[in-house]
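1. Here is a sequence with its predicted model. Questions after.
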Amino acid sequence: MTAAHDPDDELLGRVAQGDPAAVRALMGRKLSRINGLAVRMLGDAAEAEDVTQEVFLRAWRQAPKWVPGAARFDTWLHRVALNLCYDRLRRRREIPTDTPPEQMDEGPAPDRGLEAADVGGRVAAAMVRLPDRQREAVVLCHYQELGNIEAAGLMGVSVEALESLLSRGRRALRLALADMR
Amino acid sequence: MDLDRFAALAEAYGGDVSRWPEVEREAAALLMATEPGATASRLAVESDLDWALDSWRAPGASQALQSAILASAPAPRRGAAWRGWMWRTGLGAGLMAAGAAGVMAGVVVSGAVAPVGELEVISAAVSAYDALDVELVGDV
């Protein structure tokens, strides 16, 4: 898709004017998407909400300066969100904590079957253990449903490198979840 | 496309070919027609993983977050909404024309008849215009 056909441009223009309906519409369009990205990158719902709030704060500031056609707004939002997530991931490495992310789940209790929520918990735990760049590739392509060119562009890598990150990430996830079959 | 490339794409992008890069889909469809068994088993393995990944649902954003985001949004520009409405209906142009005519008339009259300063006439016209602004903004 070319930047010239960005469906968010018109809404952004109205946001810049302080149109409350446009503000609500843009939030409705992007909130789940950006919060989901942050949750899956960080594996922590509370931290993800902090990131999401900051992303929107920057979006509101950006709206009056936005140049339609120069870039896709959704891509710009993803870039801001990813940068904020990486800031937090870096901080975690610098300041080790004993408290694991709240969605860590090592597996189902032995006396009950594997239900959808259990599978989700297992996936969340496996995703948190992936190397950051592999997790980012899987999040962008699978959960955010970005095309390979857009995802590669966001990550600053070639499409071939993206495919390699995706393959390694998915292979690790398959191994981590192998006992579920 | 050969089976190796097909497998590599499945491993990277998953078991749903419609989510593969667009440029690869046609060749993939052709291979699926000529090698249905091998391609289907490869896709099935990746579809299992896709299903598992989809089971991880991100929690929805809290009400507190939504309120905080809305509270930080740009405030409506004073008078922007009613000015836009007036211009769309043509009322704005009429009011501006009437205002300009009034100011001109005041200037002519003040110059010819009374010692009223031009600034006072213009100031009065602007005040009347602002009063209208406040009234209408209150309704928005």
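-> Perfect, thanks for sending it.
2. Which other helices and strands does the host helix or strand of A:A38 contact?
-> Using DSSP states H and E, the element containing A:A38 is helix A:20-42. Packing partners of helix A:20-42 (3 or more CB pairs under 8 Å, 6 or more residues apart in numbering or on different chains; DSSP states H and E): helix A:9-16, helix A:45-62, helix A:73-94, helix A:132-138, helix B:63-71. (C-beta placed from N, C-alpha, C; glycine too.)
3. Out of the ones you listed, flag the one nearest A:Q144.
-> Of all the helices and strands packed on helix A:20-42, it is helix A:73-94 that lies closest to A:Q144, at 7.0 Å by CB to CB.
4. Report all helices and strands that that closest one contacts.
-> Here helix A:73-94 touches helix A:20-42, helix A:45-62, helix A:132-138, helix A:148-155, going by 3+ CB pairs under 8 Å, 6+ apart.
5. Turn these into CSV, columns for mean pLDDT.
-> What follows is these, written out as CSV (pLDDT from 0 to 100):
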stretch, mean pLDDT
helix A:20-42, 96
helix A:45-62, 97
helix A:132-138, 97
helix A:148-155, 96
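6. so B:F6 makes contact with B:R42?
-> Yes: using CB atoms under 8 Å, B:F6 makes contact with B:R42 at a distance of 6.5 Å.
7. quick one on the thing from earlier: any idea which of the helices and strands packed on helix A:20-42 is most buried?
-> helix A:132-138 (a mean of 22; mean count of other CB atoms under 10 Å in any protein chain shown).
8. contact partners of that one?
-> Applying CB atoms under 8 Å, 6 or more residues apart in numbering or on different chains, the external contacts of helix A:132-138 come out as A:40-41, A:82, A:86, A:89, A:127-128, A:130, A:151, A:155, A:162, A:165-166, A:168-170, A:172-173, B:53.
9. Would you mind writing the CA trace of that helix as CSV?
-> Below are the C-alpha coordinates for helix A:132-138, written out as CSV (Å, rounded to 0.1, in the frame of the first residue of the first chain):
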residue,chain,number,x,y,z
ASP,A,132,13.8,-10.0,21.4
ARG,A,133,14.3,-9.7,17.6
GLN,A,134,12.7,-13.1,16.9
ARG,A,135,9.7,-12.2,19.1
GLU,A,136,9.4,-8.8,17.3
ALA,A,137,9.3,-10.6,14.0
VAL,A,138,6.6,-13.0,15.1
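10. just how off-centre is that helix within its chain?
-> Relative to its chain's centre, helix A:132-138 lies at 10 Å (CA atoms, centre = their mean, to the nearest Å).
11. wait, what's in contact with the residue positioned nearest the centre of chain A?
-> Centroid-nearest residue in chain A: A:L37, 1.9 Å away (criterion: CA atoms, centre = their mean). Neighbour list for A:L37: A:H78, A:A81, A:L82, A:C85, A:V139, A:Y143, A:Q144 [criterion: CB under 8 Å, 6+ apart].
12. Okay, strands next: where are they in chain B?
-> For chain B, no strands are identified by DSSP state E.
13. about what we covered before: mind putting the helices and strands packed on helix A:20-42 into CSV with distance to B:E22?
-> Converted to CSV, the helices and strands packed on helix A:20-42 look like this (distance: least, CB to CB, whole Å):
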stretch, distance to B:E22
helix A:9-16, 24
helix A:45-62, 29
helix A:73-94, 18
helix A:132-138, 18
helix B:63-71, 34
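14. Counting by contacts, list what whichever strand or helix holds A:A125 packs against.
-> Using DSSP H and E, A:A125 sits in helix A:116-129. When contacts are defined as 3+ CB pairs under 8 Å, 6+ apart, helix A:116-129 packs onto helix A:132-138, helix A:159-176, helix B:36-54.
15. try 10 Å this time
-> In terms of contacts (3 or more CB pairs under 10 Å, 6 or more residues apart in numbering or on different chains; DSSP states H and E), helix A:116-129 is packed against helix A:20-42, helix A:132-138, helix A:159-176, helix B:36-54.
16. For B:A75, which of these is the nearest?
-> Of all the helices and strands packed on helix A:116-129, helix A:20-42 sits nearest to B:A75, with 9.1 Å by CB to CB.
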